[in-house]
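# Here you go, sequence then predicted model.
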Amino acid sequence: GLVEVVKATITGSIIGNLLLVMGFAMLLGGLRYKEQEFQPIVARVNASSMNLAVIAMLLPTAMDTTSIGIPQSTLQQLSVAVALVLILVYGLSLLFSMKTHTYLFDVGMAEMELEETGEAGIASSESKHLPNMWLWVGVLVVVTLLVALESELLVDSLESATSQLGLTALFTGVILLPVIGNAAEHATAVTVAMKNKMDLSVSVAVGSSLQIALFVAPVLVLAGWFMGQPMDLDFNPFELVAVAVAVLITNSISSDGKSNWLEGVLLLAAYVVLGLAFYFHPVVEGLG
């Protein structure tokens with residue numbers, strides 16, 4: 001029932017991956033390597049997809065803002081229709097990256113395999129073995145159940161914890177929850193960037209944002225529709241401004257397919273500025 005917190009966490013995850021994760025990756029990678037490169041065409045495709053996500057989030061909010069007395073059911077129906085379009089686009093983007101244009105995304109993996117071969121020396125193909133798939137699927141299932149349990153405990157204590165800390169639910173949802181929840185992805189993107197594998201680092205950071213915007217948010221809209229919860233794509237206008245700013249600066253910096261430590265600082269500075277804005281943003285109705 002904490003729909004506004006869910007919306008804040010969606011926007012926070014997008015902002016955090018684009019600015020915080022990519023910023024740290026470019027900064028720490030740039031401190032070790034003067035300039036790092038990644039596929040510019042992949043960056044442009046990702047930029048176009050993120051622009052679509054911003055438009056999809058903007059239109060329901062614009063309709064609610066510019067119309068007087070619009071029924072909640074109308075916004076819900078519009079959000080469901082938009083969600084279906086976004087899920088379709090997400091599926092087509094997977095088809096693009098995994099089937100029709102895999103060569104664009106194979107560069108980083110080829111470099112990793114080449115480096116591993118150089119480090120390990122010439123090894124016979126017989127020495128390689130496939131991992132135990134059923135074991136790791138079981139591990140994934142167990143971890144998922146534990147995360148679900150932890151999430152339930154988090155939600156139960158969220159309102160009391162935010163009030164005791166003097167934080168608004170908006171700041172908690174946009175800043176704190178995404179940072180904690182996406183810690184593993186953050187570490188992965190930064191680690192591979194420090195190994196001069198920016199293709200993979202950018203894929204982790206931007207890919208996570210795309211997954212949230214084009215798949216997770218639409219699925220939550222559909223789930224809310226079936227569960228009777230009024231989950232729609234009518235976001236807080238201030239959150240939309242923050243997402244648009246994050247997408248704008250990320251697209252501007254990544255469009256040339258090169259990065260350095262200063263560009264990482266710029267992304268981190270943008271994240272800090274947005275974080276301060278959310279911290280000082282006054283409490284609004286429905287956000288604690």
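Sure, I can see it. This one's a predicted model, so the numbers in the text were calculated from it and none came from an experiment. Numbers count the residues shown, from 1 in each chain.

# phi, psi of F235?
Backbone geometry at F235, expressed as degrees, to the nearest 10, gives phi -90, psi 160.

# Point to the residue nearest the middle of the chain.
S209 (2.4 Å; CA atoms, centre = their mean).

# what about that residue, which SS state?
Using DSSP: H, G, I helix; E, B strand; the rest coil, the three-state assignment for S209 comes out as helix.

# Now do the buried residues in stretch 75-93.
L75, Q76, L78, S79, V80, V82, A83, L86, I87, V89, Y90, S93 (16 or more other CB atoms under 10 Å). From N, CA and C alone the C-beta is placed, and that goes for glycine too.

# got the phi/psi numbers for the third one?
Just to be clear, that refers to L78. Residue torsions, per degrees, to the nearest 10, at L78 are phi -60, psi -40.

# so how far is D232 from it?
Counting by CB to CB, to the nearest Å, the separation of L78 from D232 is 8 Å.

# list residues touching both of these two?
Common neighbours of L78 and D232, counting by CB atoms under 8 Å, 6 or more residues apart in numbering, are P60.

# Okay, helices next: where are they in the stretch 51-200 of the chain?
72-95, 106-120, 133-165, 169-171, 177-181, 183-194, 198-211 (DSSP state H, counting those that start in this stretch).

# Any chance of those helices in JSON lines with distance to A270 as columns?
Converted to JSON lines, the helices of the stretch 51-200 of the chain look like this (distance: least, CB to CB, whole Å):
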{"stretch": "helix 72-95", "distance to A270": "25"}
{"stretch": "helix 106-120", "distance to A270": "25"}
{"stretch": "helix 133-165", "distance to A270": "25"}
{"stretch": "helix 169-171", "distance to A270": "17"}
{"stretch": "helix 177-181", "distance to A270": "15"}
{"stretch": "helix 183-194", "distance to A270": "16"}
{"stretch": "helix 198-211", "distance to A270": "14"}
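
# least reliable of these going by mean pLDDT?
Sorting the helices of the stretch 51-200 of the chain by mean pLDDT places helix 106-120 lowest, at a mean of 52.
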